[in-house]
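[1] Sequence first, predicted model second:
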Amino acid sequence: MIGAIAMTEPGAGSDLQGVKTSAVKDGNQYRINGSKTFITNGQNANLIIVVAKTDPSSGAKGTSLMIVETDEVEGFERGRNLDKIGYKANDTSELFFNDVKVPTANLLGHEEGKGFFQLMSQLPQERLIIANQAMAQLSWHYRLRLIMSKNERLSARASWIFKIHNSNLLR
Ligand SMILES: Cc1cc2nc3c(=O)[nH]c(=O)nc-3n(C[C@H](O)[C@H](O)[C@H](O)COP(=O)(O)OP(=O)(O)OC[C@H]3O[C@@H](n4cnc5c(N)ncnc54)[C@H](O)[C@@H]3O)c2cc1C
C-alpha cells in the first residue's frame, strides 16, 4: 500500500485555511469534490488522506481529514506528474476528486473539524526536516566550492558536477 497526504491546492499552499475541496455528508457517506496539486506519491498512492472542508463557514475549525482508498472509489483521477529539478524518485502530482463517495467511517478521528489541528501536530517537524536538508545541501555545495577553488586538478575533474548543479539552480 502506498500512502499520500493531499493538502495543497492550486489556490492554497502555506495557508491551508484556503482549502476549497469539500466533503459534504450525505446519509452514511461523504461526497468529496475538489482538486489538489504537488502531491507526493500521487501517481501511485492507493490510500490518500485528503484535507477537505466539512464546514466552509468555520475556517480552520471546518477542516477535516478524509481517507480515500483509490482502488475502491469512482470519480478519482490522477493528473500530471509535475516536472521538478530533484527528488525524482517520488512523483509530485495533481489529483482530482469528482464527487468521490466514501463511508462516514473514513473521517480520520472521532469528529469533524479536527483536521487542521491533526495536521499542525505533525507538520512543523516535517518542515524542520526539509529546512535541515536544504541547509546541509547548501553547506556541502559551499565546502566543495572552497576545496575546488584551492585545487585546480580537482577543479577540472569535478567541474561536471557543478555544470549539473548550476544548470539546476538556474532553472
Ligand atoms: C517536492 C514537493 C513535494 C510536495 N509534496 C506535497 C504533498 O505530498 N502533499 C501536499 O499537500 N503538498 C505537497 N507539496 C506542496 C507544499 O506543501 C507547498 O508547496 C507548500 O505548502 C507551499 O505552498 P505554495 O507552493 O503554494 O507556496 P505559497 O504558499 O504561495 O508560498 C510562496 C512563498 O511565500 C511565502 N509565504 C507564504 N505565506 C506567507 C506569509 N503569510 N508570510 C510570509 N511569507 C509567506 C512562503 O514561505 C514561500 O516562500 C509539495 C511541494 C513540493 C515542492
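    Arrived safely, thanks for sending.

[2] Name the residues of the protein found near the ligand, please.
    4-8, 13-14, 38-40, 84, 87, 92 (Cβ under 6 Å from any ligand atom). Heads up, the C-betas are built off the backbone N, CA and C, glycines and all.

[3] Those, buried ones only, as a PyMOL selection?
    To isolate in PyMOL the members of those that are buried, counting by 16 or more other Cβ atoms under 10 Å, one can use:
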select buried, resi 4+5+6+7+8+38+39+40+92
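
[4] Among the residues of the chain next to the ligand, pick out the one closest to Ile32, please.
    Checking those against Ile32 with Cβ to Cβ, the nearest one is Ala6 at 10.2 Å.

[5] correct me, but the closest one touches Val50?
    Yes - counting by Cβ atoms under 8 Å, Ala6 touches Val50, with 4.8 Å between them.

[6] list the residues that contact both of these two?
    Overlap of the contact sets of Ala6 and Val50 (by Cβ atoms under 8 Å, 6 or more residues apart in numbering) consists of Lys36.

[7] Could you list the buried residues of stretch 13-20?
    Across stretch 13-20, burial judged by 16+ other Cβ under 10 Å covers Leu16, Val19.

[8] Start and end of that stretch, how far apart?
    11 Å (Cα to Cα, to the nearest Å).
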